[in-house]
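Undergrad: Curious how this folds, go ahead:
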Amino acid sequence: MGRSRRGSGEEKTGSEARRQVFARRLVVKVGTYTLVDREGRLDREHLRDLVDQVAVVRRRGTDVVLVSSGAIAAGVELLGLPERPRDIPSLQAASSVGQGLLLHLYTDYFSRQGILVGQVLLTQYDFFHRRQYLNARNTFLRLMEQGVVPVVNENDAVATEEIRFGDNDRLAALVSVMVGADLLVMLSDIPGLYTADPKRDPGAEFIPEVERVTDRLMESAGGSCEEHSSGGMVTKLEAARMATAYGVGMIVAHGKEERVLERILEGEVIGTYFHASKKRIKGQKHWIAFGSRPRGCVVVDEGAREALVSRGKSLLPAGVVECRGDFRPGDAVEVRDTAGKLVAKGIISCSREELEEIKGLRTHEAARILGEDRDEEVIHRDYLVVMVEGED
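TA: Numbering: from 1, shown residues only. Here you go, the predicted model:
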């Protein structure tokens, strides 16, 4: 659950407790709940207050990227629908209609502060493909150089997976890595992380700090209780794992707390703070671990698993027992053990068909089949990230 867990009754508040929070560059993810009123319509007053807070933060010298949900809720309002649709085409239509209203409001409210905004719509494709990833990063950096606040959302009108799985949390984590943020703040409908869902369990204890997102913590997280959104605490923990692995601290806080962004950056203890990992996954390895889309799976025996996890070795043909999926050289793949547990992710050097021919063979035997000029490793250690808890 994290090493420094305290119950909410023990937590100091206000000026009694401080955090050392540094943010030269800040990513703020605002959830749908934070932007809507009790009827599920856009809460313009609160949206304007959020913009005012961002303006204050920027005047203090911090770059801000805003990852905003709310397009579907805005579309539901404009279309006069009685509730959020459930089928994908209707969700996409609502997002398409609502995106315009949402951006209009942001443009209007930021302009009153003398700030320009730039809309950036992303899909998972922009993170799966390295060149697209670098292009998107350059766009973000140029916008911030020109004093523009990027307003980011998933391109829900064409990307069905994001709508179904509530990936704005994941998107925010990937954006924080892409732009080199120091801190990611998730504004949600709860004050932070609890030992159980506080909406269902009145005895749930608040967790002010988490040193590391463990598998046990992921398993204990409850589902979403937000009517107008699709994320939940599980997706926030996944986002925390991605962001902190790169060295980005993350805070989950209640989005309607007064002056929440300003107070967080002033060091006040608000929400749950996820510490940045001391052992950081940088650059291409972070992309392999969290940004790439696996095209298949390679199952390895216990000896190969041990070599990867404990001895920092590359994956050789001898340790492969099974191949799944349809992958080619240069594709990202998962490495799993015979029990099905994820061991690593990596960039493979051969195709599925080639690996079927050489799996289980010694290196010199594989070379006779594929040719002496081919890489002897199925996945070289430089392109492999161990994902077993407590490792990379």
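Undergrad: Helices along the stretch 201-350 of the chain, start to end?
TA: Listed in chain order, the helices of the stretch 201-350 of the chain (DSSP state H, counting those that start in this stretch) span 215-220, 233-245, 260-265, 283-286, 302-310.
Undergrad: which one of those helices is the most hemmed in?
TA: Among the helices of the stretch 201-350 of the chain, helix 233-245 has the highest mean neighbour count (mean count of other CB atoms under 10 Å), at a mean of 25. Every C-beta, even on glycine, is put in place using the N, C-alpha and C of the backbone.
Undergrad: what's that one packed up against?
TA: Packing partners of helix 233-245 (3 or more CB pairs under 8 Å, 6 or more residues apart in numbering; DSSP states H and E): helix 168-178, strand 183-188, strand 193-194, helix 215-220, strand 249-254, strand 272-274.
Undergrad: so who does the residue lying farthest from the centre of the chain touch?
TA: What lies farthest from the middle of the chain is residue 368; by CA atoms, centre = their mean that is 43.0 Å. Residues near residue 368 by CB atoms under 8 Å, 6 or more residues apart in numbering: none.
Undergrad: Need the mean per-residue confidence for the one helix or strand it maps to.
TA: In this assignment (DSSP states H and E), residue 368 forms part of helix 363-370. Helix 363-370 comes out with an average pLDDT of 88.
Undergrad: could you dump that helix to CSV, C-alpha only?
TA: Provided in CSV are the C-alpha atoms of helix 363-370 (Å, rounded to 0.1, in the frame of the first residue of the first chain):
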residue,chain,number,x,y,z
THR,A,363,22.7,-19.7,-30.6
HIS,A,364,25.0,-21.4,-33.1
GLU,A,365,22.1,-23.6,-34.3
ALA,A,366,19.8,-20.6,-34.8
ALA,A,367,22.6,-18.9,-36.8
ARG,A,368,22.8,-21.7,-39.2
ILE,A,369,19.0,-21.3,-40.0
LEU,A,370,18.8,-17.4,-40.1
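Undergrad: ok, now how distant is the residue farthest from the centre of the chain from residue 329?
TA: According to CB to CB, to the nearest Å, residue 368 stands 19 Å off from residue 329.
Undergrad: Could you point out the helix or strand that follows the helix ranked longest in the chain?
TA: Longest helix in the chain, counting residues (DSSP state H): helix 88-111. Once the chain leaves helix 88-111, the next helix or strand it forms, by DSSP H and E, is strand 117-122.
Undergrad: tell me the angle that next one makes with helix 168-178.
TA: 110 degrees (axes from the mean of the first three to the mean of the last three CA atoms, to 10 degrees).
Undergrad: Residue 122: neighbour count?
TA: The local packing of residue 122 (other CB atoms under 10 Å) involves 21 other residues.
Undergrad: again, but for the one 5 residues further on
TA: Per other CB under 10 Å, the neighbour tally for residue 127 reads 22.
Undergrad: And residue 375, by the same measure?
TA: Count around residue 375 with other CB under 10 Å applied: 14.
Undergrad: Likewise for residue 343?
TA: 23.
Undergrad: for the closest residue to it other than its chain neighbours, which residues make a bridge with it?
TA: Distance criterion CB to CB, 6 or more residues apart in numbering; nearest residue to residue 343, sequence neighbours excluded, is residue 335 at 4.8 Å. Assessed by DSSP bridges, residue 335 has beta-bridge partners residue 298, residue 344.
Undergrad: Tell me if I'm right that residue 335 and residue 345 touch.
TA: Yes - with contact defined as CB atoms under 8 Å, residue 335 counts as touching residue 345 (6.9 Å).
Undergrad: hey, what's in contact with both of the two?
TA: residue 384.
Undergrad: re the thing from before, run the chain-centre distance for the longest helix of the chain.
TA: Distance of helix 88-111 from its chain centroid, counting by CA atoms, centre = their mean, to the nearest Å, is 22 Å.
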